[in-house]
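Peer 1: here is a sequence with its predicted model. Questions after.
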Amino acid sequence: MTTLALDRPAPPRHISPGKGLQHALSLAWRGILKIRKNPEQLADVTLMPIVFLVIFVYLFGGALSGSTDAYLQMVVPGIIVMNILQACLTVGVQLNTDVTKGVFDRFRSMPIARSAPLIGAVLADVVRYVVCLAVLMVVATLMGYRIATSPGEFAVAILLALAFGLSFCWGSVFVGMLMKTPGSAQALMFVFIMPLTFGSNVFVQTSTMPGWLRAWADISPVSLMANALRGLMNGGPVAGPLAGALAWMAGAVVVFFPLATWAYRRRV
C-alpha cells in the first residue's frame, strides 16, 4: 500500500493569484536582465525612431507641410504611436524563440504559475517601450520639437503610449504562439502592422486620402491615438480621439488576451 501511494503522481499545486504575480514579476526581471546583458536587443527601438524622424521630417516635411518645423510638430506624436506599435513585434518573436528552443520546457518543470512566463515577457517589454520613447523624444527635441502643453499632460501622453503598447502586444503574443518559427511570426506581424500604421494620419492628414482609405484612417486606432497625443503634447481636442483609442485598446485586450492565452496553453 505504501509503495502504491508513493508511485502516484503528486497532486497539482494550487498557486494563488498573488504568488502567480510574484512569479511573473521574477520572470519579467529575468527578461530585463537579458536586455541588460545583450543591449543589442534594443537596436530596433533605438535606431528606428531616429530613422523615421530624419527621413520623414527632412525628406518629406517640406513637401507635405511646407515647413520642416511645422511638420515636426505634427509628426512626432504620430511616430510615437507607430514606433510603440512596431516595438510590440518583438515580444511575440522572442516568445516563439523561447518555445522553439525548449526554454518553456524548463519553466514547465518549475513550481511556478503556468501563465507566469507569458505575463513576465509582456511586462519586461515595457522597458523596450520606455527606451523607444526616451530616444524618440531626445532626438525630436534636438531637431526642434517643443512640447506646447503642461508637464502633466505630457506625462499622461507617455502613459497612454505605454498602455497602447501593452494593449496591442497581446496580438503579437497570439501570433508568436501560433506560428511555428520566429521568422514566420515576425513576417506575419509585419504584414499587419505596416498597413495599419501607414494607413493612418501619422504622416499625412486624412483629407488628402481617397474616400475608402479615409473612412478607415479616421477610425483607425493608430490615428485616434496619434490625435489624442497631439492634443496632449501640442494642444487641441483630446476627449473624442482618446475615447475612440481607449475603446480600441479595450477591444484589443478583450479579443487577443484570451486568444494569446489559448495559443500559449496549446503550444506549451
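Peer 2: That came through, no problem. Note that the structure is predicted; figures quoted are calculated from it, not measured. Numbers count the residues shown, from 1 in each chain.
Peer 1: what helix or strand is the closest residue to residue 156 other than its chain neighbours on?
Peer 2: Of all residues not flanking residue 156 in the chain, residue 232 sits nearest, at 5.7 Å (CB to CB, 6 or more residues apart in numbering). (Each C-beta comes from the backbone N, C-alpha and C, glycine too.) If you go by DSSP states H and E, residue 232 is part of helix 221-234.
Peer 1: ditto for residue 127
Peer 2: Judged by DSSP H and E, residue 127 forms part of helix 116-143.
Peer 1: re the thing from before, contacts for the helix holding residue 232?
Peer 2: 73-74, 76-78, 80-82, 85, 147-149, 153-154, 156-157, 160-161, 164, 168, 196-197, 200-202, 206, 217, 236-238, 240-242, 244-245, 248-249, 252 (CB atoms under 8 Å, 6 or more residues apart in numbering).
Peer 1: with stretch 139-147 instead?
Peer 2: 49-50, 53, 57, 69, 72-73, 76, 137, 154, 233-234.
Peer 1: list the ones among these that fall in helices.
Peer 2: Among those, the members falling in helices are 49-50, 53, 69, 72-73, 76, 137, 154, 233-234 (criterion: DSSP state H).
Peer 1: which of the residues you listed tops the neighbour count?
Peer 2: residue 49 (28 neighbours; other CB atoms under 10 Å).
Peer 1: for the closest residue in space to it that isn't next to it in sequence, which residues are in contact?
Peer 2: Nearest residue to residue 49 in three dimensions, chain neighbours excluded: residue 136, at 3.8 Å (CB to CB, 6+ apart). With contact set as CB under 8 Å, 6+ apart, residue 136 has these partners: 49-50, 53, 76, 79-80, 83.
Peer 1: hang on, the earlier thing: pLDDT on the helix holding residue 127, on average?
Peer 2: In this model, helix 116-143 has a mean pLDDT of 88.
Peer 1: same check on stretch 247-262?
Peer 2: 93.
Peer 1: on that earlier part again, tell me the one of the contacts of stretch 139-147 nearest residue 124?
Peer 2: Ranked by distance to residue 124 (CB to CB), the contacts of stretch 139-147 are led by residue 49 at 19.8 Å.
Peer 1: can you give me the buried ones in the helix or strand harbouring residue 195?
Peer 2: Assessed by DSSP H and E, residue 195 sits inside helix 182-198. Across helix 182-198, burial judged by 16 or more other CB atoms under 10 Å covers 182, 185-186, 188-189, 193, 196-197.
Peer 1: can you check stretch 156-174 too?
Peer 2: Those would be 156-158, 160-174, for stretch 156-174 by 16+ other CB under 10 Å.
Peer 1: please apply the same query to stretch 217-228.
Peer 2: Here stretch 217-228 shows 217-218, 220-228 as buried, counting by 16+ other CB under 10 Å.
Peer 1: circling back: redo the contacts of residue 136 as JSON lines? Include distance to residue 141 and pLDDT.
Peer 2: Listed next are the contacts of residue 136 as JSON lines, based on distance: CB to CB, whole Å; pLDDT from 0 to 100:
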{"residue": "49", "distance to residue 141": "12", "pLDDT": "86"}
{"residue": "50", "distance to residue 141": "13", "pLDDT": "89"}
{"residue": "53", "distance to residue 141": "11", "pLDDT": "90"}
{"residue": "76", "distance to residue 141": "9", "pLDDT": "94"}
{"residue": "79", "distance to residue 141": "13", "pLDDT": "94"}
{"residue": "80", "distance to residue 141": "13", "pLDDT": "94"}
{"residue": "83", "distance to residue 141": "16", "pLDDT": "91"}
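Peer 1: picking that back up, beyond the helix holding residue 195, next helix or strand please.
Peer 2: helix 211-217.
Peer 1: would you put the C-alpha positions of that following helix in CSV?
Peer 2: Extracted in CSV, the C-alpha atoms of helix 211-217 (Å, rounded to 0.1, in the frame of the first residue of the first chain):
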residue,chain,number,x,y,z
GLY,A,211,-12.6,58.2,-49.7
TRP,A,212,-12.4,54.5,-48.9
LEU,A,213,-9.0,54.9,-47.2
ARG,A,214,-10.0,58.0,-45.4
ALA,A,215,-13.1,56.2,-44.0
TRP,A,216,-10.7,53.7,-42.3
ALA,A,217,-8.0,56.1,-41.4
